[in-house]
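Q: Got a sequence here, can you build the structure:
(2 chains)
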Amino acid sequence: MDPIATAVLGSWTLNWGTLCLLLVIAALYLRGWLHLHAELPHKYTTEKLVSFAGGLFVIVLALDSPVDAFGALLLQAHMIQHLLLIAVAPPLLLLGQPVLPLMRGLPRWIFKDALGPFLGSRELQQVGRAIVHPVVTWLALSSAIVVWHFPRLYELALRSPGWHQAEHACFFWAAMLFWWPVIDVWPSHSVWPRGAMIPYLLLAGMVNMGLSAILSFSSHVLYPSYALAPRLWGISAIEDQAAAGGIMWVPGSIAMLIPAAILGMQALETRRVRPGAVILRRLTPRPPRQWDLLRTPLLGPVLRYRHFRRSIQVAMFLLAAVVAFDGFFGPQVAPMNLAGVLPWTHWRGLAVIALLMAGNLFCMACPFTLPRDLARKFVTPRFRWPNGLRSKWIAAGLLAVYLWAYEAFALWDSPSATAWIIVGYFVAAFAVDTVFKGASFCKYVCPIGQFHFVHSLISPLQVAVREPAVCGSCKTHDCIRGNSRQRGCETQLFQPMKLGNFDCTFCLDCVQACPKHNVGILQATPGKSLFEDHASSGIGRLSRRPDVAALVLILVFGAFLNAAGMTEPVMMWMHRWHARLGSMLPVVTAMYVAGLLIIPVTLAAVCGWISRRVAPQSWKDLTCSFTPALVPVGFAMWLAHFSNHFFAGWSTVIPAVARFFSRSSLINYPAPSWIPSLELCFLDLGLLLTLYATWRVARRLSTGDGRALAAMSPWAVLAGALYLAGVWIVFQPMQMRGMMMH
Amino acid sequence: MKLLLPTLLILAQATAWADGGMVQMRQETGDLIITVFTSPTPLSVGPVDLSLLLQNRNGLDPVLDAIVSLALVHADSNIEFHASPSREQARNKLLYAAPVIFSRPGKWRMSVTVRRKEKEVVAAGTLDVAPSFGRELSLAGFLAFPPVMIVLFVLRERLLRRRSRRGA
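A: Here you go, the predicted model:
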């Protein structure tokens, strides 16, 4: 093929944000369509599915194909793009009668809890009816087309990507409105007779024709950007403009005339039945059914395999051994050493992403408990963990010490220190768990475990009972006691009374132990345990656990302190004090004592004290009740921080691995430009979930909305301040510590 | 799943940069016409997509088999960096593109070297780089998202309360 033609046809660039959004919409439509097709096959036909999918494909074609790539050089390419967005994609989407399939495809809680109040509101229904009134829809598209073709606005769109997107969005949504009454999309009720849609279309065609005539017959170039653009294949700017006018005129008019002709023919046929009315009557409520990861076709059998956990633990153990070996004996240059790269850049990033997408997968694959499991084949622990230490105080303290040590001794920059931590972890887990029964190390000591326990409260999956009624008849309680084949839960979580993921290591012992196969990995409402204060097995109520509140405060404030430590202004501040005091240790110590102890405790106590003025509980109870609600905003900061390292530095593993195998490599990919967007996205969602949890806690503790609002206010202000601190951190120049990416 | 949809909705706001954009320089050198574009507009401090279109003087056909290199020197501080625009990095495969980062505002001297069929041509020009308009501005949608969602939530709560009052 001609190289120029190849280059033109190869000018595709997929915009992943848009593509993912369209894929999610397609998945929702498909899910809803499958339900409806099973119930009403003659109404929700395959043609509707194909039409909707075709509409989505045309959007991709308009935004990601060579049509878009050449839009800045050729007006005719730009015109084709607009035609696709106005006259092709919207009618195809609407012919798929998308409202009901999309609603049925949505998760039940979104449809019922989030959208339900809006859909049921009379005022909003009136607004909806007004928006799809034919006069409004006709004016919307006609004015959008006319206004955006004024040279000044068109030029603005050509020069600014943001305005260009606004122009496209305006065309697309105005066209969706325009085609709505033409296609008679359920659930709207057409206020005009169907025949009136024929002049509606013809009048719109005339507006289109008028504009195309101006473009076609103008003697000068209307849009200066195209006059300045280099001319391809000798096509002059004026010829290009005339061709664009022709495209607008002929295909644009055909897009109006064909539906007008179809409507004319329909008017001659018998009156058709509106699909919506029948559908509404025949809709049956969906039985609630929880999605279960263990029942998925491919992954389910793998996860249910008896030795699955042991296999991944062995793999992680070998990896930890290699990392520790390299840390001790490899070069003490962090970016060139596996101990400087894998734990700090990759493992942390993957662990938080796993928490966000699934659950506590790190504890599931934890290598540290493998040696003690082997030792327990020969030695049976004799002691129970002391009653006085059955809390999170030790773990919270160790976590604070770890965060301080990370900064004070620049652990990320010291492969040997990293190796010592790994070895120390193995020794500690072994020592504790060969003396004390159960998973005492995991539950009461391990700081990494606490990080995962707390943050898995907002994970979308949880190990839980499938059918509660089945447990009602169970007498053996194998899930916690174990049996001859399989041990029970080592963190003392009794499945029928377990709520949320707190203290759950995802070890799947209960899944293997249950003789009735009644434990699965089910979908969970993220963050529900943060505001629904029910007593959970092995934990009790979070609102009665000051040790958990302390742990949460350390994790939340630690997230911001840890991330701030890599920003340039904070590093400069630390270096100034270092120069004054002659040592970095007192600077870091003061910073962490203030940031992890004094400031969080003071702020939480003040917030609890303010809440007490409107709620009947003591300030301590209020503090313990509200503090868990801060988990999402703290997790958002960990996620933003660690994902920044992971996505910016994933390729740093290549030179480290190559060096380990005595090969040279300098491959290092540049950091993607979308990382700040992703970080802000995490912070946004974290803030919103924290505010929602705070509101739910306040509603639970107070009577009346006004008092609830007053009770939550100090916590909302605290969450807002943390969010702003996170935004500030995202906008600061970052030191990519230990990644050779300064 | 519950976080997926809002995440995608927010991510979809992210501005996609396209090569092409504003014409910054156009020169006829040797048997080539060299046009340099920058995006986004206006050209300012920060990451910029810099792209070039090479055309034959005769017939204006795009030239696709050249090797292009670019040198940029800040006029005041003499900070210099180099880039190698290529068609692989371009969205429009008739262009040669490279992502570059302008660290300072002011005038940058640009030198474009094109090697093709053992011939080398050089074009030179100047780029006026404005001060940064701030990343904050480009990410404003993300900062506006929480207040919008809070307003919608308040509206939802009001609607629910009104509905429960009607029910009572």
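
Q: Quick check: chain neighbours aside, which residue is closest to B:Tyr96?
A: B:Pro85 (3.9 Å; CB to CB, 6 or more residues apart in numbering or on different chains). Quick note: C-beta positions are derived from backbone N, CA and C, even for glycine.

Q: per-residue confidence for that neighbour?
A: pLDDT, B:Pro85: 91.

Q: How many residues are close by it?
A: Counted by other CB atoms under 10 Å in any protein chain shown, the residues lying close to B:Pro85 total 25.

Q: what about it, distance to A:Val614?
A: Note on B:Pro85: its distance to A:Val614, by CB to CB, to the nearest Å, is 63 Å.

Q: same thing with A:Leu585?
A: If you go by CB to CB, the gap between A:Leu585 and A:Val614 works out to 44 Å.

Q: A:Val132 too?
A: Counting by CB to CB, the gap between A:Val132 and A:Val614 amounts to 44 Å.

Q: Give the other helices and strands that the helix or strand that contains A:Phe328 contacts.
A: Per DSSP states H and E: A:Phe328 is located in helix A:308-329. In terms of contact count using 3 or more CB pairs under 8 Å, 6 or more residues apart in numbering or on different chains; DSSP states H and E, helix A:308-329 is assigned the packing partners helix A:338-341, helix A:370-375, helix A:415-435.

Q: Figure out which of the ones you listed is closest to B:Lys119.
A: If you check each of these against B:Lys119 by CB to CB, helix A:338-341 wins as the nearest, at 45.0 Å.

Q: Buried ones in that closest one, by neighbour count?
A: By neighbour count with 16 or more other CB atoms under 10 Å in any protein chain shown, helix A:338-341 contains the buried residues A:338-341.

Q: Show me which of these is closest to A:Val24.
A: The shortest distance between A:Val24 and any of those, using CB to CB, involves A:Val341 and amounts to 33.5 Å.

Q: And for that closest one, nearest residue in space, chain neighbours not counted?
A: Closest residue in space to A:Val341, ignoring its immediate chain neighbours: A:Ala656 at 4.4 Å, by CB to CB, 6+ apart.

Q: and the one you found, what element?
A: helix A:653-660.

Q: And A:Ala321, how far from A:Leu361?
A: Applying CB to CB, the value for A:Ala321 to A:Leu361 is 20 Å.

Q: Contacts for stretch A:325-338, please.
A: Contacts of stretch A:325-338 from elsewhere in the structure, counted by CB atoms under 8 Å, 6 or more residues apart in numbering or on different chains, are A:322-323, A:339-341, A:344, A:412-420, A:422, A:652, A:655-657, A:659-660, A:738-740.

Q: Average pLDDT for it, rounded please.
A: Per-residue pLDDT values over stretch A:325-338 give a mean of 87.

Q: A:Ala140: what's it in contact with?
A: If a contact means CB under 8 Å, 6+ apart, then A:Ala140 has A:174, A:177-178 as its contacts.

Q: can you list contacts of the host helix or strand of A:Ser225?
A: Counting by DSSP H and E, the element that carries A:Ser225 is helix A:224-228. If you take CB under 8 Å, 6+ apart as the criterion, helix A:224-228 is touched by A:72, A:74-75, A:151, A:155, A:158-159, A:221, A:237, A:240-241, B:22-23.

Q: Also stretch A:432-445?
A: Looking at stretch A:432-445 with CB under 8 Å, 6+ apart, the contacting residues turn out to be A:363, A:366, A:368-369, A:372, A:375-376, A:379, A:381-385, A:389-392, A:394-395, A:398, A:428-429, A:449, A:490-492, A:503, A:505.

Q: Go again with 6 Å.
A: With contact meaning CB atoms under 6 Å, 6 or more residues apart in numbering or on different chains, stretch A:432-445 is reached by A:372, A:375, A:379, A:381, A:383-385, A:394-395, A:429, A:449, A:490-491, A:503, A:505.

Q: Pick the one among those closest to A:Met574.
A: Scanning the contacts of stretch A:432-445 for proximity to A:Met574, where the rule is CB to CB, the winner is A:Ala395, at 27.5 Å.

Q: and the strand or helix carrying the closest one, C-alpha only, in PDB?
A: A:Ala395 is part of helix A:393-408 when elements are defined by DSSP H and E. The C-alpha trace of helix A:393-408 is given here as PDB (Å, rounded to 0.1, in the frame of the first residue of the first chain):
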ATOM      1  CA  TRP A 393      -2.000  -0.800  70.800                       C
ATOM      2  CA  ILE A 394       1.300  -2.700  70.200                       C
ATOM      3  CA  ALA A 395       0.700  -2.900  66.400                       C
ATOM      4  CA  ALA A 396      -0.300   0.900  66.300                       C
ATOM      5  CA  GLY A 397       3.000   1.700  68.200                       C
ATOM      6  CA  LEU A 398       5.100  -0.500  65.900                       C
ATOM      7  CA  LEU A 399       3.400   1.100  62.900                       C
ATOM      8  CA  ALA A 400       4.300   4.600  64.100                       C
ATOM      9  CA  VAL A 401       7.900   3.500  64.800                       C
ATOM     10  CA  TYR A 402       8.100   2.000  61.300                       C
ATOM     11  CA  LEU A 403       6.800   5.200  59.700                       C
ATOM     12  CA  TRP A 404       9.300   7.200  61.700                       C
ATOM     13  CA  ALA A 405      12.200   4.800  60.900                       C
ATOM     14  CA  TYR A 406      11.300   4.900  57.200                       C
ATOM     15  CA  GLU A 407      12.000   8.700  57.100                       C
ATOM     16  CA  ALA A 408      14.700   8.800  59.800                       C
END
